[in-house]
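Trainee: compute the structure for the input listed below.
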Amino acid sequence: QVQLVESGGGLAPFGGSLTLSCVASGTAFEINTMAWYRQGPGSQQPGSTRSLVGYIHKGGTANYASSVKGRFEISRDNAKNTVYLQMYSLKPEDTAVYFCSADAVVEGQAKEYWGKGTLVTVSS
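Mentor: Below you'll find the model as predicted:
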């Protein structure tokens, strides 16, 4: 199994910056793509889903949702099994619980793993 733990959430001012981290741990695993998702206020209604913020391949190529492109940056340290989300020019609509996910292979089986999330609140 793989455990993912996010950190770095908190309160940020409008226009401010924040960096989230997500560390993967476990035994005998290999991580491929890692991604960040978010689930905003009011999205706990039935049928609501997490929205993709962006993802990064093992080689370092990242892709972003149009809503954050140019403001957010995803990077990773493969040696530390860690992915980062640097957020700049934050807006109140970026307020959400941010989740990390990882596509990992454990004992030959590929599976997607999720962290429990970290809350980011952007004040207006």
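
Trainee: show me the contacts for residue 6.
Mentor: Residues near residue 6 by CB atoms under 8 Å, 6 or more residues apart in numbering: 20-22, 98-100, 115-118. To be clear about C-beta, it is placed using only N, CA and C from the backbone, and glycine gets the same treatment.

Trainee: which residue is nearest the centroid of this structure?
Mentor: For the chain, the residue nearest the mean C-alpha position is residue 36 (2.5 Å; CA atoms, centre = their mean).

Trainee: and residue 79, that one's in a strand?
Mentor: No. Using DSSP: H, G, I helix; E, B strand; the rest coil, the assignment for residue 79 is helix, not a strand.

Trainee: so how far is residue 18 from the nearest residue to residue 13 once chain neighbours are set aside?
Mentor: For residue 13, ignoring the flanking residues on the chain, the nearest one in space by CB to CB, 6 or more residues apart in numbering is residue 123 at 5.6 Å. Separation of residue 123 from residue 18 (CB to CB, to the nearest Å) stands at 12 Å.

Trainee: could you find the closest non-adjacent residue to the residue nearest to the centre of the chain?
Mentor: Using CB to CB, 6+ apart, the nearest residue to residue 36 is residue 53, at 4.1 Å.

Trainee: where does pLDDT dip in this structure?
Mentor: 42-48 (pLDDT under 70).

Trainee: show me where it has strands.
Mentor: 2-7, 10-13, 18-26, 29-39, 51-56, 62-64, 72-77, 82-87, 96-106, 109-114, 118-123 (DSSP state E).

Trainee: direction included, what does the shortest one pair up with?
Mentor: It stands for strand 62-64. strand 51-56 (antiparallel) (DSSP bridges).
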